[in-house]
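S.K.: Generate a structure from the sequence data that follows.
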Amino acid sequence: MLKSNELQKVIRMFNDKSTVAKDARVSVETPDGSMWDIQKISLVQNKIIGSRESHRVLIKVCKEIAPPGKVIREL
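M.R.: The predicted structure is shown next:
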């Protein structure tokens with residue numbers, strides 16, 4: 001499970017160290033290897049009574065419009 005403050009730290013690290021990262025496309029890869037584009041990010045309230053988290057960040061994805069090509073290397 002990833003918390004939003006951890007996600008923020010990672011994105012800030014990428015953006016602070018690289019000008020290329022600021023303009024990089026953001027995709028989500030599922031366990032089966034399919035790639036999805038991020039369509040929307042929202043803060044939503046949980047409806048589950050007694051849940052540990054009262055809110056969560058919801059990332060809505062859509063099928064990838066244009067494949068990004070094969071990954072050359074992970075930086």
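S.K.: Is Phe14 in a helix, a strand, or coil?
M.R.: Recorded secondary structure, Phe14: helix (DSSP: H, G, I helix; E, B strand; the rest coil).
S.K.: you'd agree it is up against Ala21?
M.R.: Yes - in this structure, Phe14 is within contact of Ala21 by Cβ atoms under 8 Å, at 4.0 Å. For every residue, glycine as well, the C-beta is placed using N, CA and C.
S.K.: so how far is the first residue of stretch 24-33 from its last?
M.R.: 20 Å (Cα to Cα, to the nearest Å).
S.K.: and the most centrally placed residue in the chain, what does it touch?
M.R.: The residue at the geometric middle of the chain, judged as the C-alpha nearest the mean C-alpha position with Cα atoms, centre = their mean, is Val28 (6.3 Å). Contact criterion Cβ atoms under 8 Å, 6 or more residues apart in numbering gives Met35, Trp36, Asp37, Ile38, Ile59, Val61 as the residues in contact with Val28.
S.K.: how about Thr19, phi and psi?
M.R.: Thr19 has phi and psi values of phi -70, psi -30 when expressed as degrees, to the nearest 10.
S.K.: now swap in Ile65 and tell me
M.R.: Note on Ile65: backbone dihedrals following degrees, to the nearest 10 are phi -80, psi -50.
S.K.: what's the pLDDT at it?
M.R.: Here, the pLDDT recorded for Ile65 equals 81.
S.K.: could you pull out the helices for the chain?
M.R.: Across the chain, reading from the start of the chain, the helices by DSSP state H fall at 4-17, 19-22.
S.K.: Which one of the ones you listed has the poorest average confidence?
M.R.: helix 19-22 - the lowest mean pLDDT of these, at a mean of 86.
S.K.: and for that one, what are the contacting residues?
M.R.: Counting by Cβ under 8 Å, 6+ apart, the neighbours of helix 19-22 from elsewhere in the structure are Phe14, Asn15.
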